[in-house]
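Trainee: I'd like to go over a predicted model; first the sequence, then the structure.
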Amino acid sequence: MKLFSTQIIVPVDSNSVLQGALEVKHVLEETIGKYNLGSQISVVETGALGIYDQGVVLAVFPDDVYYGGVKPTDVEEIVTEHLLKGRVVSRLTIDRSLSSKRLVEKESGKSQQKIVLRNAGLIDPQSIDEYIARDGYGALAKALAMQPGEVIQVL
């Protein structure tokens, strides 16, 4: 498995695709290639991040910077300013609490912390190694050590 110093997460759920995520991803990959950054930066598709009112969202790790409302015309600035010069493009950043607390707002105004999908947008969904590294299958291991009645009681 090749390790990259920077990962850019691009949600490609149906909502994001309708807002232009695939076009942004394509321009992002081309621009990364244009600046010969392909050996340092990976672009990873993922499912929804739970941020639905910000247009196309890009998450940059390990910087933990989330950009919202990203258009293909914004990509060059993100690559040259953030990825090359280390300067966050503040006009595109979105509330950091959305990324750090992993909250999803419900219509009632109450928030919920993601449990089952807590890794969405943080790991490559096609990499079992990344899932295991973030304690994937931990609950299964715990359940296998229990008696069937104990599992049912926990559930």
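Mentor: Good, I have the coordinates. Numbering: from 1, shown residues only.

Trainee: tell me the secondary structure for Q7?
Mentor: Put simply, Q7 is strand when judged by DSSP: H, G, I helix; E, B strand; the rest coil.

Trainee: who are the neighbours in contact with it?
Mentor: I41, S42, V43, V44, V60, F61, P62 (C-beta atoms under 8 Å, 6 or more residues apart in numbering). Yep, even glycine has a C-beta here, placed from its N, CA and C like the rest.

Trainee: tell me which two in those are the farthest apart.
Mentor: Distance extremes for these: the farthest pair is V43 and P62 at 15.1 Å, using C-beta to C-beta.

Trainee: between these two, which one's more packed in?
Mentor: Neighbour count, other C-beta atoms under 10 Å: between V43 and P62, V43 has more, with 17 against 8.

Trainee: after the host helix or strand of that one, which helix or strand is next?
Mentor: Secondary structure from DSSP states H and E places V43 in strand 41-46. Next along the chain after strand 41-46, taking DSSP H and E as the criterion, comes strand 58-61.

Trainee: pairing partners for that next one, with directions?
Mentor: Here strand 58-61 has these sheet partners by DSSP bridges: strand 6-11 (antiparallel), strand 65-67 (antiparallel).

Trainee: so for that strand, mean pLDDT?
Mentor: Mean pLDDT, computed over strand 58-61, is 92.

Trainee: got it, and stretch 90-101?
Mentor: Taken as a whole, stretch 90-101 carries a mean pLDDT of 70.

Trainee: thinking again about what came up before, and the strand holding V43, C-alpha only, in CSV?
Mentor: Taking Å, rounded to 0.1, in the frame of the first residue of the first chain, the C-alpha atoms of strand 41-46 are listed here in CSV:
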residue,chain,number,x,y,z
ILE,A,41,-1.2,13.6,-2.9
SER,A,42,-4.0,11.0,-3.4
VAL,A,43,-7.5,11.8,-4.4
VAL,A,44,-9.9,9.4,-2.7
GLU,A,45,-13.6,8.9,-3.5
THR,A,46,-15.9,8.3,-0.6
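
Trainee: quick one: it to strand 6-11, angle?
Mentor: Counting by axes from the mean of the first three to the mean of the last three C-alpha atoms, to 10 degrees, strand 41-46 lies at 30 degrees to strand 6-11.
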